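[1] Turn this into a structure:
(2 chains)
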Number of protein chains: 2
Amino acid sequence: MHGEIITIGNELVSGRTQDLNSWYTAGRLTASGLRVIRVTSVGDDEKRTDDALKRALGSSRFVIVTGGLGSTADDMTCEIAANALGRPLCINDQMLEKIEQYARIRKITMTASLKKMALMPEGARMINPKGATCGFSLVTGGVNFYFLPGVPDQTRYLIDTFVLPDILGRYETLPVMRQRIIKLYGLDEPRIAEMFRSLEEEAGDVVLGFYPHFPENHITISLRGRDEPTISKTLDRVETAISERVGAYVFAHDGREMEEVVGERLLQNEKTLSVAESCTGGLIGNRLTEVSGSSQYFQGGVISYSNRAKMDLLRVSAKTIDTHGAVSPETACEMAMGVRACMDSDLGLAVTGIAGPDGGSRDKPVGTVHIALSSEKGTFTEKYRFWGRRKQVKLNSAMMALDWVRRYLNGDPFIPGI
Amino acid sequence: MHGEIITIGNELVSGRTQDLNSWYTAGRLTASGLRVIRVTSVGDDEKRTDDALKRALGSSRFVIVTGGLGSTADDMTCEIAANALGRPLCINDQMLEKIEQYARIRKITMTASLKKMALMPEGARMINPKGATCGFSLVTGGVNFYFLPGVPDQTRYLIDTFVLPDILGRYETLPVMRQRIIKLYGLDEPRIAEMFRSLEEEAGDVVLGFYPHFPENHITISLRGRDEPTISKTLDRVETAISERVGAYVFAHDGREMEEVVGERLLQNEKTLSVAESCTGGLIGNRLTEVSGSSQYFQGGVISYSNRAKMDLLRVSAKTIDTHGAVSPETACEMAMGVRACMDSDLGLAVTGIAGPDGGSRDKPVGTVHIALSSEKGTFTEKYRFWGRRKQVKLNSAMMALDWVRRYLNGDPFIPGI
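    Take a look at the predicted model:
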């Protein structure tokens, strides 16, 4: 059961306003098992709107149109819809009554432009005729059209209270649609593509989707059908097949962020964490504290951007820095041990590296990053080489460091993934 | 001169992701005096994409297409474009070389899916052939097509550096168009709208644009004409008029970020900075270190999430915390002084507050934030109340704290802006 969304307004095609209506509507329709095949935005422009409506008439079962329903000169949706859908414009009595009532209450004189708002294509039914927010619907050529005002709050209200129930009510045979999101870190796009190919047989009717979300990769597995338990079992099977292939790289089986997963594991294990950040400059702390309640397990950290901070606050020895440099496994380990000691936390996590674009050398090129994790079991360190611009090196370093904590608490072996 | 935008991806029509690409692109095109007649989003769907491309061929002079350029099976834009535009697919040598080089450097074996990325419609020219981010362009039937990757950062980069100059360069009869961006922080939308109204007379033909970019607000002033010096003089006049009205809130007269402006001021003034972050959790440090070369002026910081860290590392007295609480002007001041002392920096910046959603009280509601700045001139502090969710409170706190440093170094008085 597929349909489309048309949003109308100069502010949309000029980039002045983000089109939140189509985004919200598409999400709600998809979550209800309906398929959106296209979203079209046009300006307050007769030709383009007419074109969009006619095209929708030929390819969709339901069409949601927002915008252009006001009383000003550029609100022409009713007129254009009447022409495009071959229905003459006429006064809708229900709507006229509503407008007259509105004018009476506010002691406004009925003007031509107010009366114009009661003009609708013949056969239109008012949506939400009792509320202050209304639109209209129209069935023509077997297609259900819903015309809504462009104000986001009003659109959302009418979508949820009227449009969605109306569409779903019309198609009793609509199958169930379920989707799961699997988030991976450390596996690159070509290897995910290969994994997808190897899954083909097991996946069957399950639709696999791939969404890079730097530095993460997200996979969706979706299935529609008539029987909820069957769908659920099939999705379980595919999810297991994915885990068997790339389980070590999966950090979330739902929409959660890495910092939420790490926080949850720390809480479950009753462990506290502190961080010593050099090249990430505070990014790891920032991410950990995006989670409400993180003060239960996050003690804080030291942004040891200067060598002095590494020595004074983290007790990294001057000799280590002199001999091995600030970007070295030795310094990373001492930073991790130092922050664990000074913050009195169970785990100490440290990152030191060269984010670039300057500061690289032949031996230590830009993107060289050392991560270390100190715990009661000892201190581990590993060297990575990340690619990209400064921001990307920082993002990857922080993500990998957080992933270390996740893996450590899961009891997984460390795999240098990138 | 009109054109359209086509964005491709299941995540767009399913409402999983907001279509920031079309919004940004539409805004940039409009600001350059070009007209966008339509924005179409389709899924990774051959039929709908083909349909959208063919329709664009018949109605636009330029078409910008984003998405579907990766190496996975659902990235079919090249193939569909080749069919829709009647150009056979062939290996683009420039692109193949690029991919081989990429594989060589990263020691990856060339796979079929990597090689597939070099297939392009005949006659396609690579966009940005020297950089890591690329797309391709194609002229057919008098229409300029630009195919770009769907990753927002990459799209923006290619739009600004290649697509926009290319379109503008193709139409010689197009008059000169100049645009400036003015970034403000601390002034809300209604007050900016008022300022716009008061500017009407002075602005004349200058087009004013307003783009909220939480927590910043960006204003564009644009003018087209035939004579560069006249345009420049007129824009100067409007820029001055804006500065006269709201100059204290303007932190950048160009595209720069707050952290770049702050870094430049610190360098100019030969001052160093360190930070003590409680509720921002590392965000300020992270932003400061986004700038290459920031180690010249940024010493580092302490993420004092726990009271213990405040006392042990920053030497905040237990009595202060007991008497006034961790979220208080007194604690903020001692944090700023403490970090300045332990990092031996010229300036010490501190933030302590309640980011929410929990932890608020009647006296100290969620969003209560104290900022303090310590320098040779003494230690100043101010209380703010920020609104919104946890992330927004953090963003506003970090932004305001950085703005304090900017204002301090400018010799501006502190204005509690929000």
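
[2] What residues are bridge-paired with the closest residue to A:Arg61 other than its chain neighbours?
    Leaving aside its sequence neighbours, A:Arg61 sits nearest to A:Gly3 (Cβ to Cβ, 6 or more residues apart in numbering or on different chains; 5.5 Å). For every residue, glycine as well, the C-beta is placed using N, CA and C. Assessed by DSSP bridges, A:Gly3 has beta-bridge partners A:Val36, A:Phe62.

[3] can you count the residues close to A:Gly3?
    Neighbours of A:Gly3 under the rule other Cβ atoms under 10 Å in any protein chain shown: 23.

[4] Break chain A down into its structural domains.
    A:2-170, A:176-252, A:258-410 (automatic domain parsing).

[5] how near is the residue nearest to A:Arg61 to chain B?
    10 Å (Cβ to the nearest Cβ, to the nearest Å).

[6] Then A:Asp412?
    Distance from A:Asp412 to chain B, by Cβ to the nearest Cβ: 24 Å.

[7] Helix, strand, or coil at that residue?
    At A:Asp412 the chain is in coil, as set by DSSP: H, G, I helix; E, B strand; the rest coil.

[8] Run through the helices of the stretch 151-300 of chain A in chain order.
    A:152-158, A:164-170, A:189-203, A:228-246, A:258-269, A:283-288 (DSSP state H, counting those that start in this stretch).

[9] List the buried residues of the fifth one.
    By neighbour count, with 16 or more other Cβ atoms under 10 Å in any protein chain shown as the criterion, the buried positions of helix A:258-269 are A:258-263, A:265-266.

[10] So which of those is the closest to B:Leu114?
    For those, the minimum distance to B:Leu114 (Cβ to Cβ) is 27.5 Å, reached by A:Met258.

[11] tell me the contacts of the residue lying closest to that closest one once chain neighbours are set aside?
    Closest residue to A:Met258 apart from its sequence neighbours, by Cβ to Cβ, 6+ apart: A:Leu402 at 5.0 Å. Neighbour list for A:Leu402: A:258-259, A:262, A:284, A:287-288 [criterion: Cβ atoms under 8 Å, 6 or more residues apart in numbering or on different chains].

[12] Hey, what's the angle from the host helix or strand of A:Leu402 to helix A:258-269? Just curious.
    Assessed by DSSP states H and E, A:Leu402 sits inside helix A:390-410. Helix A:390-410 runs at 20 degrees relative to helix A:258-269, counting by axes from the mean of the first three to the mean of the last three Cα atoms, to 10 degrees.

[13] pretty sure A:Ala355 is touching A:Leu283, no?
    No: taking Cβ atoms under 8 Å as the definition, A:Ala355 is not a contact partner of A:Leu283, at 10.2 Å.

[14] how about low-confidence regions in chain A?
    A:70-74, A:132, A:172-175, A:413-418 (pLDDT under 70).

[15] Locate the residue of it with the greatest distance from its centre.
    Distance to the chain centre peaks in chain A at A:Thr109, reaching 47.2 Å (criterion: Cα atoms, centre = their mean).

[16] Over to that residue. Which of the three states is it?
    coil.

[17] measure it to B:Glu244 for me?
    Noted for A:Thr109: a distance of 42 Å to B:Glu244, by Cβ to Cβ, to the nearest Å.

[18] can you pull out the helices in the stretch 301-418 of chain A?
    A:307-312, A:318-324, A:329-343, A:390-410.

[19] in the helix holding A:Leu402, what's buried?
    For helix A:390-410, by 16+ other Cβ under 10 Å, it's A:390, A:392-409.

[20] and if you look at stretch A:242-256?
    So, applying 16+ other Cβ under 10 Å, buried residues of stretch A:242-256: A:242, A:245-246, A:248-252, A:256.

[21] List the contacts of it.
    A:180-187, A:191-192, A:195, A:198-199, A:219, A:221, A:239, A:258, A:260-261, A:403, A:406-407, A:412, A:415, A:417.

[22] Can you select the buried ones among the residues you listed for me in PyMOL?
    Buried members of the contacts of stretch A:242-256, defined by 16+ other Cβ under 10 Å, are picked up in PyMOL with:
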select buried, chain A and resi 180+181+182+183+184+185+186+187+191+192+195+199+219+221+239+258+260+261+403+406+407+417
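
[23] Can you show me the strands along the stretch 1-150 of chain A?
    A:2-8, A:35-42, A:62-66, A:89-91, A:119-121, A:125-127, A:135-140, A:143-148 (DSSP state E, counting those that start in this stretch).

[24] Redo those strands as a markdown table? Include distance to A:Ser295.
    Converted to a markdown table, the strands of the stretch 1-150 of chain A look like this (distance: least, Cβ to Cβ, whole Å):
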| stretch | distance to A:Ser295 |
| --- | --- |
| strand A:2-8 | 42 |
| strand A:35-42 | 41 |
| strand A:62-66 | 43 |
| strand A:89-91 | 62 |
| strand A:119-121 | 56 |
| strand A:125-127 | 47 |
| strand A:135-140 | 47 |
| strand A:143-148 | 44 |
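
[25] closest to A:Arg340 out of those?
    Nearest to A:Arg340, of all the strands of the stretch 1-150 of chain A, is strand A:35-42, at 50.2 Å by Cβ to Cβ.

[26] Any buried residues in that closest one, and which?
    A:35-42.

[27] Name the nearest of those residues relative to B:Arg55.
    A:Thr40 (10.0 Å).

[28] What distance do you get for the closest one to chain B?
    In terms of Cβ to the nearest Cβ, A:Thr40 sits 5 Å off from chain B.

[29] Burial check on whichever residue of the stretch 101-250 of chain A sits closest to chain B, number of neighbours?
    Here the stretch 101-250 of chain A gets closest to chain B at one residue, A:Ala193, 4.5 Å apart by Cβ to the nearest Cβ. For A:Ala193, the neighbour count with other Cβ under 10 Å is 21.

[30] I'd guessed it sits against B:Ser113; true?
    Yes: if you go by Cβ under 8 Å, A:Ala193 and B:Ser113 touch, sitting 4.8 Å apart.

[31] what about stretch A:154-167, start to end distance?
    18 Å (Cα to Cα, to the nearest Å).

[32] Among the buried residues of stretch A:242-256, which pair sits farthest apart?
    A:Arg245 and A:Arg256 (21.2 Å).

[33] returning to that earlier point: got a markdown table for the helices of the stretch 301-418 of chain A, with distance to B:Arg28 too?
    Formatted as a markdown table, these follow (distance: least, Cβ to Cβ, whole Å):
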| stretch | distance to B:Arg28 |
| --- | --- |
| helix A:307-312 | 41 |
| helix A:318-324 | 46 |
| helix A:329-343 | 42 |
| helix A:390-410 | 21 |
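
[34] Between those helices, which one is closest to A:Gly135.
    It is, among these and with distance given as Cβ to Cβ, helix A:390-410, at 42.9 Å.

[35] leaving aside the residues next to it on the chain, what's closest to A:Asn340?
    For residue A:340 the amino acid is Arg, not Asn. In space, A:Arg340 is closest to A:Gly348, 2.7 Å off (Cβ to Cβ, 6+ apart).

[36] For that neighbour, list the residues it contacts.
    A:273-276, A:335-341, A:373-375.

[37] Residue numbers of the stretch 1-150 of chain A in contact with chain B?
    A:12-16, A:18-20, A:22-31, A:36-43, A:45, A:48, A:52, A:55 (Cβ under 8 Å from any Cβ of the partner chain).

[38] Give me the subset of these lying in helices.
    In this view, the residues of the stretch 1-150 of chain A next to chain B that belong to helices under DSSP state H are A:12-13, A:20, A:22-31, A:48, A:52, A:55.

[39] quick revisit: and the helices of the stretch 151-300 of chain A: which comes nearest A:Gly367?
    helix A:283-288 (15.6 Å).

[40] Show me which residues of that closest one are buried.
    Quick answer for helix A:283-288 (16+ other Cβ under 10 Å): A:283-288.

[41] Look up phi and psi at A:Gly150.
    Main-chain torsions, A:Gly150, degrees, to the nearest 10: phi -90, psi 0.
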